[in-house]
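Undergrad: what shape does this take:
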Amino acid sequence: MALDGIYIHSLVKELKSLLTNAKVDKVNQPEKDEIILTIRGDKVNYKLLISASSIYPKIHLTSISKPNPIKAPMFCMVLRKYLTNARILDIKQFDMDRIVIMDFESLDELGFNSVYSLIIEIMGRHSNITLVRSRDNLIMDSIKHITPDINTYRCLYPSIQYVYPPESNKLNPLTFTYEAMCQYIETNDITLDEKYFSKVFTGISSQFSKELFSKYLLSDTSSDNASMEKIYNFTNEAFEPIKSNNFYFASYLENDTVKDFYCLKLDSIKASKINEYSSPSKLIEEFYFQKDKADRLNNKSSDLQRIVNTNLERCTKKIKIYEAMLKECEDKNKFKIFGELLTANIYMLKKGMKEIEVLNYYSETEEYLTIKLDELKSPSENVQQYYKKYNKLKKSEEMSTIQLAEAKEELNYLLSVMTNIKNADTYEEIEEIREELKLTNYIKFKKGAKQKVKGSKPLHFISSDGIDIYVGKNNIQNDYLTLKFADKHDIWLHTKNIPGSHVIIKNTGNIPDKTLEEASILASFYSKAKDSSKVPVDYTEVKNVKKPSGAKPGMVIYYTNKTIYADPYDIQLQSAK
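TA: Coordinates of the predicted model:
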């Protein structure tokens, strides 16, 4: 469920109670469409996340820290100039719509107190964050600039007047009257159905409208269930929890997957589990964080995925060509036999013959063979023609065998890179993979333009038996773990013939079965087969793992291994700091 006006109403109530009269300590912009205000309250510090994402726009308190860019964006600098040390005067909602207004008081350039409004529009792809000077309604800056060529009705960029989005003519669910409701329904010819409440009232989502309609039908079984007075009385009663701030924050799960969430109870949703929350911010953060994070990482790595997919297609085509060539080369010995049989019977050949029938003494049954001849060639030229075909196919087979092996090796490498991209959890890991593709010449880069990338560390877990387990997050880390970090008696794990991470168990003696099982689950989870079951995982001592000369990052060979089968899932082991 997207954030509707009612949920934003509950958020504003929370923010107003906690942040009024608090001061802004820091302003950061970790994403191009997202800001985080660090706010200093009464002995408590809060982090307020405000996002104008076109997919997941939101505003809520957060406990999650995000890395900031080295150079702050211009909008962030403007906010720092006007809002740092500013006092929050008020937080309000614009007419139950998806617009939040935060008023700040701060000193201007001349040292006088000025009021600035941060206007947050939570409206899907039209979401925006705008700083407005209250005394003259002048825009100081906006996180997304809207110019006349984009929108002729409403522009958002510095030094122009701020214009609110078109106002809805729907009724306010907190202040509507019986007469206003009757008039609106009659004027707009609205019928009582699942969309009734979202059509009549501002801030009602389609899902909550369905919920109210379902409750209304259950509350009145009389034949005259469309009576205006009954609808009004029901609606008034349904909106009472909103007026009295009696909210119920919960998410609804089906098979461990969140189906929906809201600030009021949804009885119409069939859920196997309901998770309750103490505040709207905690609910939104848990619901949106992983979705938003996955979406941003996917956008950040989209160019890498495109490069890898292009090369995967190239490798797949090469493999098909080489396999077709090897299939053709299977008949090479036939041409050699033809040449030798013609040589043995050369006295029977004459120029102008189209074919000849000879005894095949290479066959156990010694049957006669009919061999095609070129009538324009001499006997010796016909013999040489078959020897040339044989030699050509023989060389093609040798080269195709080598090139097929190289193409398959490259394919496995690219599949491992794609798996690492999909498993990447931070921007740093994406950048590490980018550097890896530069090192392997899949991405061209100019000399002297290399940027220093802050390297991330392999994942480090503690098994149930208290033993250290390490998991590589990309091929550079895989090489580091296996070839440099691990001791020769440590246990190395990897999914069998499936791209994935190298996993190392630090060997402190006998490895308990439980630790081996947990490590195999990690190996299967951080692999291409993470959505499968009964994934084969090979394990052996590190001394049995070797890296061939010239092999690409993460590519190794191993021997004397054993295999264990694991069902991949997020095992939630203790992470070491």
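
Undergrad: C-alpha only now, for contacts and for neighbours.
TA: OK.

Undergrad: what's the burial count for the closest residue to Leu171 other than its chain neighbours?
TA: Counting by C-alpha to C-alpha, 6 or more residues apart in numbering, Leu171 lies nearest to Phe201, which is 4.6 Å off, once chain neighbours are set aside. Phe201: 22 surrounding residues under other C-alpha atoms under 10 Å.

Undergrad: for Phe201, phi and psi?
TA: Dihedral pair for Phe201: phi -110, psi 140, per degrees, to the nearest 10.

Undergrad: so where's the chain uncertain?
TA: Across the chain, the ranges flagged by pLDDT under 70 are 1-2, 220-226, 446-455, 577.

Undergrad: ok, Lys547 - contacts?
TA: 555-557 (C-alpha atoms under 8 Å, 6 or more residues apart in numbering).

Undergrad: and if you look at Ser533?
TA: Neighbours of Ser533 in contact, by C-alpha under 8 Å, 6+ apart: 566-568.

Undergrad: mind running it again at 10 Å?
TA: Applying C-alpha atoms under 10 Å, 6 or more residues apart in numbering to Ser533 gives the contacts 524, 565-569.

Undergrad: can you confirm Ser114 is in a strand?
TA: Yes: judged by DSSP: H, G, I helix; E, B strand; the rest coil, Ser114 forms part of a strand.

Undergrad: of the contacts of Ser533, keep whichever come out buried.
TA: 524, 565-568 (16 or more other C-alpha atoms under 10 Å).

Undergrad: what's the closest of the residues you listed to Met96?
TA: The nearest member of the buried ones among the contacts of Ser533 to Met96, counting by C-alpha to C-alpha, is Pro568 at 45.4 Å.

Undergrad: ok, the residue nearest to Leu171 touching Asn172?
TA: Yes: in terms of C-alpha atoms under 10 Å, Phe201 counts as a neighbour of Asn172; the distance is 5.8 Å.

Undergrad: common neighbours of these two, please.
TA: Common neighbours of Phe201 and Asn172 (C-alpha under 10 Å, 6+ apart) are Met96.

Undergrad: re the thing from before, identify, from the contacts of Ser533, the entry nearest to Ala22.
TA: Tyr569 (43.1 Å).

Undergrad: tell me, how many residues neighbour Tyr427?
TA: When neighbours are defined as other C-alpha under 10 Å, Tyr427 has 15 of them.

Undergrad: just give me the longest helix of the protein.
TA: The residue-count maximum for a helix in the chain (DSSP state H) belongs to helix 379-423.

Undergrad: beyond that one, next helix or strand please.
TA: The helix or strand immediately downstream of helix 379-423 is helix 427-439, counting by DSSP states H and E.

Undergrad: for the helix or strand following that next one, the distance to its chain's centre please.
TA: With elements assigned by DSSP H and E, the helix or strand that comes after helix 427-439 is strand 459-462. From the chain centre to the centre of strand 459-462 is a distance of 23 Å (C-alpha atoms, centre = their mean, to the nearest Å).

Undergrad: flag every buried residue along strand 459-462.
TA: 460-462.

Undergrad: so can I have TSV of the buried ones among the contacts of Ser533 showing secondary structure and distance to Tyr480?
TA: Below are the buried ones among the contacts of Ser533 laid out as TSV (DSSP: H, G, I helix; E, B strand; the rest coil; distance: C-alpha to C-alpha, whole Å):
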residue	secondary structure	distance to Tyr480
Ser524	helix	20
Tyr565	strand	26
Ala566	strand	25
Asp567	coil	26
Pro568	coil	24
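
Undergrad: spell out the residue ranges of the helices in the stretch 1-150 of the chain.
TA: 5-19, 74-83 (DSSP state H, counting those that start in this stretch).

Undergrad: mind putting the ones you listed in a markdown table, distance to Ser168 and mean neighbour count included?
TA: A markdown table is the format used below for these (distance: least, C-alpha to C-alpha, whole Å; neighbours: other C-alpha atoms under 10 Å):
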| stretch | distance to Ser168 | mean neighbour count |
| --- | --- | --- |
| helix 5-19 | 12 | 20 |
| helix 74-83 | 29 | 19 |
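
Undergrad: which ones among the contacts of Lys547 map onto helices?
TA: Per DSSP H, the contacts of Lys547 never map to helices.

Undergrad: in ChimeraX, how would I select the buried members of those residues?
TA: Burial among the contacts of Lys547 is assessed by 16+ other C-alpha under 10 Å; the matching ChimeraX selection reads:
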select :555,556
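
Undergrad: same list (the contacts of Lys547) but as a markdown table, adding distance to Ile129.
TA: Shown next, in a markdown table, are the contacts of Lys547 (distance: C-alpha to C-alpha, whole Å):
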| residue | distance to Ile129 |
| --- | --- |
| Met555 | 47 |
| Val556 | 50 |
| Ile557 | 54 |
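
Undergrad: of the contacts of Lys547, closest to Ala486?
TA: Val556 (14.4 Å).

Undergrad: residues in contact with the closest residue to His489 other than its chain neighbours?
TA: Excluding the flanking residues, the one nearest His489 by C-alpha to C-alpha, 6+ apart is Glu541, at 5.3 Å. With contacts defined as C-alpha under 10 Å, 6+ apart, Glu541 is in contact with 486-493, 504-505, 507, 558-561.

Undergrad: which strand residues bridge Glu541?
TA: Beta bridges link Glu541 to Ile491 when assigned by DSSP bridges.

Undergrad: start at 37, not 1
TA: Let's use 37 as the start, then, which means that last one is Glu577.

Undergrad: now the phi/psi pair for Tyr313, please.
TA: phi -130, psi 150.

Undergrad: list the buried residues for stretch 603-613?
TA: Within stretch 603-613, the residues that count as buried by 16+ other C-alpha under 10 Å are 603-604.

Undergrad: ok, residues contacting it?
TA: With C-alpha under 10 Å, 6+ apart, stretch 603-613 has contacts from 495-500, 502, 504-506, 553-563, 565-572.

Undergrad: break this structure into its domains for me.
TA: The record assigns the chain these domain ranges, following automatic domain parsing: 41-178, 214-333, 342-456, 495-611.

Undergrad: who wins for proximity to Val199 among the ones you listed?
TA: Using C-alpha to C-alpha, the nearest of the domains of the chain to Val199 is domain 41-178, at 8.7 Å.

Undergrad: off-centre distance for the closest one?
TA: The answer for domain 41-178 is 27 Å, by C-alpha atoms, centre = their mean.

Undergrad: let me see the contact set for Ser338.
TA: By C-alpha under 10 Å, 6+ apart, the contact set of Ser338 is 332, 344, 457.

Undergrad: Val592 contacts Val578, doesn't it?
TA: No: counting by C-alpha under 10 Å, Val592 stays clear of Val578, with 11.0 Å between them.

Undergrad: any residues in contact with both of those two?
TA: With C-alpha under 10 Å, 6+ apart, Val592 and Val578 have common neighbours 518-519.

Undergrad: need phi/psi at the residue of the chain positioned farthest from its centre.
TA: Of all residues in the chain, Tyr383 has its C-alpha farthest from the mean position, at 74.1 Å, by C-alpha atoms, centre = their mean. Main-chain dihedrals, Tyr383, degrees, to the nearest 10: phi -70, psi -20.

Undergrad: for it, give its distance to Glu402.
TA: Going from Tyr383 to Glu402 by C-alpha to C-alpha, to the nearest Å gives 20 Å.

Undergrad: contacting residues for Lys566?
TA: Counted by C-alpha under 10 Å, 6+ apart, Lys566 has contacts 455, 459, 536, 557-560, 603-606.

Undergrad: ok, so of these, who is nearest Lys474?
TA: Checking those against Lys474 by C-alpha to C-alpha gives Thr455 as the nearest, at 17.5 Å.

Undergrad: spatially nearest residue to the closest one, not counting backbone neighbours?
TA: Nearest to Thr455 is Lys564, by C-alpha to C-alpha, 6+ apart, at 5.5 Å.
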